[in-house]
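Enquirer: sequence first, then the predicted structure, then my questions.
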Amino acid sequence: MRDVDRVAPPGTEERQLLDGIPPDRFPRHVAVIMDGNGRWAKRRGLPRVEGHRAGIEAVRSTVEAAARLEIPVLTLYAFSTENWRRPRWEVLTLMGLLKEYLHKELDSLVEHNIRFRPLGRLHELEGEIQQGLARAVEATAGNTGLLFQIALNYSGRAELTDLVREAVRLARTGQLHEETVDEAWISDHLSTAGTPDPDLLIRTSGELRVSNFLLWQIAYTELYMTPVLWPDFRARDLIRALADYASRQRRFGGVPEEAEEG
Ligand code: FPP
């Protein structure tokens, strides 16, 4: 049962929106590009890293709301392969926040029956982070609620490049044949293997880009862009996105269901 009372108390605008969503119109997979931390900080006259720190609270709140709303999969874009180009201090702070998050939030993930899965070129992250990630994966492996995926040192192009390299290697050693490779095989060999493609991609801070996120997986994903800056994003904003998604008519390249004949 969805724990709606804890996410949207009765009598609130977001509760009304939530109550208006038919159960079969909830997305199975929500992906989020968390953007606007720097601007959030700048508006307050704070250093950029303070925006990232404040962004952690939005992560916590969104993960918890998704779990309570029984969304099966949530994927957050926390650090891209391009983010290494940021000033050293900012990269160090982001890695520090990640360590802190893994340390502080593990009990809460377990408590909320959340399964944790990092995506990306994890072997390039520092040892302590790799260990923290492995600990979180192990501690939550038996959980059956929300699958919380976090993309770290990730980009869609890097993911596809790694897959092509792996396919070439397998083919060279006779373990993969041309006929085996189809769209399902590719999906099954990406880091998101086993999850449905995102139904909904949310991007905060008003930017209208997909920024190299889940490029293969978002082929038919509905996009929702909001001007809300990531550190301000809370359950109410997730609910607004869910309500908007529920009102969309998806076609997957075909015709709307009502237009089908017979
Ligand atoms: C984009 O804002 C945000 C990021 C590059 C990092 C997202 C990271 C967090 C929310 C915190 C870390 C999360 C965990 C779980 C450890 P930006 O800096 O590009 O903002 P701007 O476009 O306003 O400059």
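Expert: Cool, got the structure. All values reported here derive from a predicted model rather than from experimental measurement.

Enquirer: and the residue of the stretch 1-150 of the chain found nearest the ligand, what element?
Expert: Residue nearest to the ligand within the stretch 1-150 of the chain (CB to the nearest ligand atom): Gly38, separated by 2.4 Å. C-beta coordinates here come from the backbone N, C-alpha and C atoms, glycine included. Using DSSP states H and E, the element containing Gly38 is helix 37-43.

Enquirer: quick one: that helix to chain centroid distance?
Expert: Chain-centre distance of helix 37-43: 21 Å, with CA atoms, centre = their mean, to the nearest Å.

Enquirer: got the buried residues for the longest helix along the chain?
Expert: Of all segments of type helix in the chain, defined using DSSP state H, the longest is helix 88-111. Of all the residues in helix 88-111, those buried under the rule 16 or more other CB atoms under 10 Å are 90, 93-95, 97-99, 101-102, 105-106, 109-110.

Enquirer: make TSV from these and add distance to the ligand and pLDDT to it.
Expert: What follows is these, written out as TSV (distance: CB to the nearest ligand atom, whole Å; pLDDT from 0 to 100):
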residue	distance to the ligand	pLDDT
Glu90	8	96
Thr93	9	97
Leu94	6	98
Met95	8	98
Leu97	4	98
Leu98	4	98
Lys99	8	98
Tyr101	4	97
Leu102	8	97
Glu105	8	97
Leu106	12	97
Leu109	11	98
Val110	17	97
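
Enquirer: does Leu201 sit in a helix, a strand or a coil?
Expert: Assigned with DSSP: H, G, I helix; E, B strand; the rest coil, Leu201 falls in the strand class.

Enquirer: isn't the residue of the stretch 1-150 of the chain closest to the ligand right next to Val49, touching?
Expert: No - applying CB atoms under 8 Å, one finds Gly38 not in contact with Val49, separated by 9.1 Å.

Enquirer: which is the next helix or strand following the longest helix of the chain?
Expert: strand 115-119.

Enquirer: could you give the angle of that next one to helix 88-111?
Expert: Using axes from the mean of the first three to the mean of the last three CA atoms, to 10 degrees, the inter-axis angle of strand 115-119 relative to helix 88-111 is 150 degrees.

Enquirer: show me what strand 115-119 is packed against.
Expert: helix 127-140, strand 147-154 (3 or more CB pairs under 8 Å, 6 or more residues apart in numbering; DSSP states H and E).

Enquirer: tell me which of those sits most buried.
Expert: Ranked by mean neighbour count under mean count of other CB atoms under 10 Å, these are led by strand 147-154, which reaches a mean of 23.

Enquirer: contacts for that strand?
Expert: For strand 147-154, contacts defined as CB atoms under 8 Å, 6 or more residues apart in numbering pick out 63, 66-67, 72-81, 84, 98, 109, 114-122, 124-125, 129, 133, 191-192, 195, 213-214.

Enquirer: one more time with 7 Å, if that's ok
Expert: Applying CB atoms under 7 Å, 6 or more residues apart in numbering, the external contacts of strand 147-154 come out as 63, 72-81, 114-122, 124-125, 192, 195.

Enquirer: where does Arg6 fall, secondary structure wise?
Expert: Here Arg6, judged by DSSP H and E, is contained in helix 4-7.

Enquirer: now that helix: buried residues?
Expert: Result for helix 4-7 [16+ other CB under 10 Å]: buried residues 4, 7.

Enquirer: what is it packed up against?
Expert: With contacts taken as 3 or more CB pairs under 7 Å, 6 or more residues apart in numbering; DSSP states H and E, helix 4-7 sits against helix 48-68.

Enquirer: next, the angle from the helix it packs on to strand 147-154.
Expert: Going by the same axes, to 10 degrees, helix 48-68 makes 150 degrees with strand 147-154.

Enquirer: and helix 48-68, average pLDDT?
Expert: On average, the pLDDT along helix 48-68 is 98.

Enquirer: buried sites along that helix?
Expert: Residues of helix 48-68 classed as buried under the neighbour-count rule (16+ other CB under 10 Å) are 48-56, 58-59, 61-68.

Enquirer: restrict the residues you listed to those near the ligand?
Expert: Counting by CB under 6 Å from any ligand atom, 52, 55-56, 59 from these sit close to the ligand.

Enquirer: which two among those residues are spaced furthest apart?
Expert: His52 and Val59 (10.2 Å; CB to CB).
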